[in-house]
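[1] Sequence first, predicted coordinates after that:
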Amino acid sequence: MRSALKEHGAEALIGLLVVLVAVWFCYFAWQRTGGGRVSNAVQVTALFPNANGVSVGTDVRVAGLKIGQVSALKLDPQSYQANVVLAIDPTAKVPADSSAAITSEGILGSNYISLIPGGDPTPLKSGDTIVDTQGAVDLMGMVGQFINHSGGDTKGAAAGNQAAAAPGKP
């Protein structure tokens with residue numbers, strides 16, 4: 001047995017390293033997908049008109065610091081808005097009149113929900129709803145508008161079209 005370990009020690013260490021990386025990956029995936037939720041978290045609902053890029057486990061941040069994560073997503077059948085349940089750390093004491101916005105970490109970064117604190121002295125409690133929300137920005141739609149020059153000045157565009165139609169007239 002001892003000679004087998006001497007002969008295959010490198011393979012055993014590599015195997016142990018592979019197992020440790022696999023365990024770390026499973027733990028990371030479990031935390032990222034919402035498996036490691038705080039049991040006493042404040043469960044707050046936010047209604048967004050557009051929740052592109054948000055999934056269970058998405059970070060909830062205040063001033064760039066993570067204070068919670070998304071614990072559930074569903075479609076509200078009455079308003080047809082995205083009903084997003086946020087699990088917030090109870091020590092954060094986010095004001096009840098706070099607003100929420102879906103923002104991104106950059107052009108290629110992931111999305112997160114940013115809470116903008118209000119001025120109410122009472123904090124959010126479980127079951128509260130945040131109605132002042134801003135959905136995700138459609139970057140591809142904005143690029144398309146820029147490329148197609150849509151959404152511009154209609155008077156200027158009409159004058160430009162008339163000038164193009166009658167090239168001899170000033």
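    Perfect, thanks for sending it.
[2] Mind splitting the protein into its structural domains?
    Annotated domains of the chain cover 2-32, 42-144 [automatic domain parsing].
[3] which of those sits most buried?
    Of the domains of the chain, the one with the most neighbours on average (mean count of other Cβ atoms under 10 Å) is domain 42-144, at a mean of 16. Glycine gets a C-beta too; all of them are placed from N, C-alpha and C.
[4] model confidence over that one, on average?
    Confidence over domain 42-144 (mean pLDDT, whole number) is 86.
[5] from the chain's centre, how far out does that domain sit?
    Remark: domain 42-144 is offset 8 Å from the chain centroid, using Cα atoms, centre = their mean, to the nearest Å.
[6] Ends of that domain, what's the gap?
    Start to finish, the residues bounding domain 42-144 are 40 Å apart (Cα to Cα, to the nearest Å).
[7] Equivalent analysis for stretch 97-111, please.
    Length of stretch 97-111, first residue to last, Cα to Cα: 23 Å.
[8] contacting residues around it?
    Contacting residues not belonging to stretch 97-111 are listed as 46, 48, 50-54, 58, 86, 112-120, 124, 130, 132-137, 139 [Cβ atoms under 8 Å, 6 or more residues apart in numbering].
[9] From Val131, how far off is the closest residue in space to Val94 that isn't next to it in sequence?
    Using Cβ to Cβ, 6 or more residues apart in numbering and skipping the chain neighbours, the partner closest in space to Val94 is Leu124 (5.0 Å). Leu124 is 12 Å from Val131, where distance means Cβ to Cβ, to the nearest Å.
[10] do Val94 as well
    For Val94, the distance to Val131 (Cβ to Cβ) stands at 15 Å.
[11] go on, Val70?
    17 Å.
[12] average pLDDT across stretch 22-36?
    74.
[13] any idea which helix is longest in this protein?
    In terms of residue count, the longest helix belonging to the chain (DSSP state H) is helix 9-32.
[14] Give me the secondary structure label for the residue positioned nearest the centre of the chain.
    Nearest to the mean C-alpha position of the chain, counting by Cα atoms, centre = their mean, stands Tyr112 at 2.7 Å. Look at Tyr112: counting by DSSP: H, G, I helix; E, B strand; the rest coil, its state is strand.
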